[in-house]
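[1] Kindly generate the corresponding structure for this input.
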Amino acid sequence: MDMERSQKEEKWLAREIQLSQKHAELLAKREQLLHLSQGELNSSEHRAKVHQAHWTHVQQRNKQLQQDIKRSQVEMKDIARQPPNVKFTELQTMYWTTVQDQLPQWKKQLKEKGSAMNSPYH
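    Residues are numbered from 1 along each chain as shown. A predicted model of the protein is given here:
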C-alpha cells in the first residue's frame, strides 16, 4: 500500500508540477498581452494627440485663409471703386489703336496662309 500511495503521490506531484508550469506560461502570456495592450493604448493616445494638434493647426490655417479672402475682397472692391489709372488708360488706348491698325494686315496674312495651306504643293 505504501508503494501504491507513493505512486499516486508521484502522479499528483507530476501533475502539480505540470499545472504550475502551465500557470507560469499563462502568467507570462498575460504579462506579454498586457504589455502589448499598454503599448497599443499609448500609441493610440499618441496618435489622438497628434491628430488633435494637426486638427487645431488646420482650423487655425482655415480661419487665417478666410480672413485673407475677406480682406482681399474688400481691397478688390476698393480698387474697383477707384477711377482707372491714367497710365493704364493710355496703355489700353494704345493697345486697341495698334490692334485696329494691324487688323487688316493680320487678316491678309491669315488669308495668305489659308490659301497656301489649301495649295496642292503644301
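[2] Which stretches in the protein count as helices?
    With helices called from DSSP state H, the chain shows them at 2-81, 86-118.
[3] Let me see the mean pLDDT of the last one.
    It stands for helix 86-118. On average, the pLDDT along helix 86-118 is 90.
[4] Quick one: distance of that helix to the chain centre.
    48 Å (CA atoms, centre = their mean, to the nearest Å).
[5] Output the contacting helices and strands for that helix.
    Taking 3 or more CB pairs under 8 Å, 6 or more residues apart in numbering; DSSP states H and E as contact, there are no helices or strands that helix 86-118 lies on. To be clear about C-beta, it is placed using only N, CA and C from the backbone, and glycine gets the same treatment.
[6] Buried ones in that helix, by neighbour count?
    The neighbour-count criterion (16 or more other CB atoms under 10 Å) identifies no buried residues in helix 86-118.
[7] Could you report the separation of Ala80 from Thr98?
    Going from Ala80 to Thr98 by CB to CB, to the nearest Å gives 26 Å.
[8] same deal with Glu25?
    The value you get for Glu25 to Thr98, if CB to CB is used, is 93 Å.
[9] Ok, Ala14 next?
    For Ala14, the distance to Thr98 (CB to CB) stands at 109 Å.
[10] what does Arg5 give?
    Note on Arg5: its distance to Thr98, by CB to CB, is 123 Å.
[11] do Lys77 as well
    Applying CB to CB to Lys77 and Thr98 gives a distance of 32 Å.
[12] Please apply the same query to Arg81.
    Using CB to CB, Arg81 is found at 30 Å from Thr98.
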